[in-house]
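Colleague: Coordinates for the following, if possible.
(one chain, ligands or ions: 1)
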Amino acid sequence: MTEGTERAQGDRPLDLDATKLAAARLWATNRFPYLASAIFASPVLPAPELGRVVIDRWWRVHADPAVVGSATAAELGGELVHLTTHVLRDHAGRADTVGLADEAERHHWVDSGDAEIADDYPSELERVSASVEGADLGCENGRLAEEYYRLGSVRDGSTNDCGSGAHGQPASWEPPPPDSGDDAGVTGRDQDVIRRRVAAEIADADRAAVSDSLRRWADDRLEGRVDWRAELAARLRRVVSTVSGAVDYSYRRPSRRAAALHDVVLPSLRRPTVEVAVICDTSASVSDDLLATAVAEVEGLLRAGGTRSIRVLACDDAVRATTRVVALDDLVLIGGGGTDLGVGLDAAMANRPPPDLLVVLTDGYTPWPDEAPRAEVIVALLATDEPVPPPEPPAWARVVPVDRR
Ligand SMILES: [Zn+2]
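Modeller: Got it, this is the predicted structure:
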């Protein structure tokens, strides 16, 4: 930084201390060399009066010069490591899938993302901002942000905000990046290119130098695997909002009309109920563990999305149990013979009211009916050890492959 740095009123600096920033980057990349390409790709821009350091969706770091001025190089370096991990782990994109309805949900999501990041680095990693970990949400460590979000308790009055790179909702002062130049940040496909580069660096790094959670993340990037829970959540949310005809839940804003028209009785907008039937393939070839995991996931996702009416059928060559489940314990899985899921689909459609959505959990070794049922169909295709792959599910089904992780 040059002599005579410009100063704002109240003696708050307007420019960033470039020497300290360089030291912070050096500290971070010495300690975590595999993050270097991400950390050096992220421009750090001055944000006077912000009071903190955040990262946006385009990997631009916005830092309050006063905060930078009073932080040590290690604290600032730790902050860059933390913020970079938000964007590497795509917490913004994953927030879209979760669907954050209001500010409180946004803070809880950032807390959950922080907890996921806390598992990636040694606990003594210092930061400019306070860190949140799994224990702060009443959770065991080692979970995904989505799990911390769903299972964790909401921290009272949390105002945690690491920027739109952590939750996807740009601040009002945050313009899109210029097309080129030093401040352009990282956009589009370049983000994935850097993610893969970092993943490759992690895969090459000394095992002892990388946490298990980061190594898992890197392996998934390199193998092109998608987390089935996230994909299933996205599919379910899309179908449920289409079927219910509701405006996308995540963009809902509180209505101010009621306050303005307090003498008038406004018609209340009720979301129509979505009837869901879950059909479990309980034939011998299906792994019970994986089936139970998938059922729990589907039920959790549907309930989190506000679906009250879920009917679960266990099916092999006949429909063995029809249960209107309230809790997972009520689910009766009977079977163990051959499979014909067509029987299960017919049985499900015969219920009154008929379901709007059928979720089929199967390893795929089943004949399928030619004709599509008069409902949306999601097939959660459970992984198997069978040497011969199952037949393709029909084109009218949306398929989400489910593996053992
Ligand atoms: Zn954070």
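Colleague: what sits against the residue of the chain found nearest the ion?
Modeller: The ion sits closest to residue 162 of the chain, with a gap of 3.3 Å, by C-beta to the ion. Every residue, glycine included, has its C-beta placed from N, CA and C. For residue 162, the contacting residues are 54-55, 82-83, 86, 110, 113-114, 129, taking C-beta atoms under 8 Å, 6 or more residues apart in numbering as the criterion.
Colleague: Just give the number of residues close to residue 395.
Modeller: 8 (other C-beta atoms under 10 Å).
Colleague: same check, this time on residue 112
Modeller: Applying the criterion other C-beta under 10 Å, we find 31 residues in the vicinity of residue 112.
Colleague: elements contacting the helix or strand harbouring it?
Modeller: Using DSSP states H and E, the element containing residue 112 is helix 103-118. Where contact means 3 or more C-beta pairs under 8 Å, 6 or more residues apart in numbering; DSSP states H and E, helix 103-118 is packed against helix 73-88, helix 91-98, helix 145-151, helix 164-167.
Colleague: now do 10 Å
Modeller: In terms of contacts (3 or more C-beta pairs under 10 Å, 6 or more residues apart in numbering; DSSP states H and E), helix 103-118 is packed against helix 73-88, helix 91-98, helix 145-151, helix 164-167, helix 212-222.
Colleague: So residue 54: helix, strand or coil?
Modeller: Going by DSSP: H, G, I helix; E, B strand; the rest coil, the secondary structure assigned to residue 54 is strand.
Colleague: Run through the bridge partners of it.
Modeller: Under DSSP bridges, the beta-bridge partners of residue 54 are residue 62.
Colleague: Now do the contacts for it.
Modeller: Residues counted as contacts of residue 54 (C-beta atoms under 10 Å, 6 or more residues apart in numbering) are 47, 60-64, 79, 83, 86, 129, 161-166, 171, 174.
Colleague: residue contacts, the residue most central in space within the chain?
Modeller: Computing the C-alpha centroid of the chain and ranking residues by C-alpha atoms, centre = their mean puts residue 94 first, at 3.4 Å. Contact analysis of residue 94 by C-beta under 10 Å, 6+ apart lists 109, 112-113, 116, 144-146, 149, 167-168, 227, 230, 233-234.
Colleague: cool, and residue 82?
Modeller: With the criterion set at C-beta under 10 Å, 6+ apart, residue 82 makes contact with 28, 53, 55, 113-114, 117-118, 120-121, 125-129, 131, 162, 166.
Colleague: Now list the buried members of the residues you listed.
Modeller: 28, 53, 55, 113-114, 117-118, 120-121, 125, 127-129, 131, 162, 166 (16 or more other C-beta atoms under 10 Å).
Colleague: Doesn't residue 280 lie inside a strand?
Modeller: Yes: going by three-state DSSP, the assignment for residue 280 places it inside a strand.
Colleague: hey, what's it bridged with?
Modeller: Bridge pairing for residue 280 (DSSP bridges) gives the partners residue 314, residue 361.
Colleague: What is the neighbour count of it?
Modeller: 31.
Colleague: Just the pLDDT for residue 249.
Modeller: According to the prediction, residue 249 has pLDDT 35.
Colleague: ok, now residue 45?
Modeller: Residue 45 is assigned a pLDDT of 95 by the prediction.
Colleague: Could you give the backbone dihedrals for it?
Modeller: When quoted as degrees, to the nearest 10, the phi and psi of residue 45 stand at phi -110, psi 150.
Colleague: The chain should start at 574 in everything you say after this.
Modeller: Let's use 574 as the start, then, which means that last one is residue 618.
Colleague: so what's the nearest residue to it once chain neighbours are set aside up against?
Modeller: Counting by C-beta to C-beta, 6 or more residues apart in numbering, residue 635 is the residue found nearest to residue 618 once chain neighbours are left out, at 5.4 Å. Neighbour list for residue 635: 616-620, 623, 625-629, 656, 736-738, 744, 746-747 [criterion: C-beta under 10 Å, 6+ apart].
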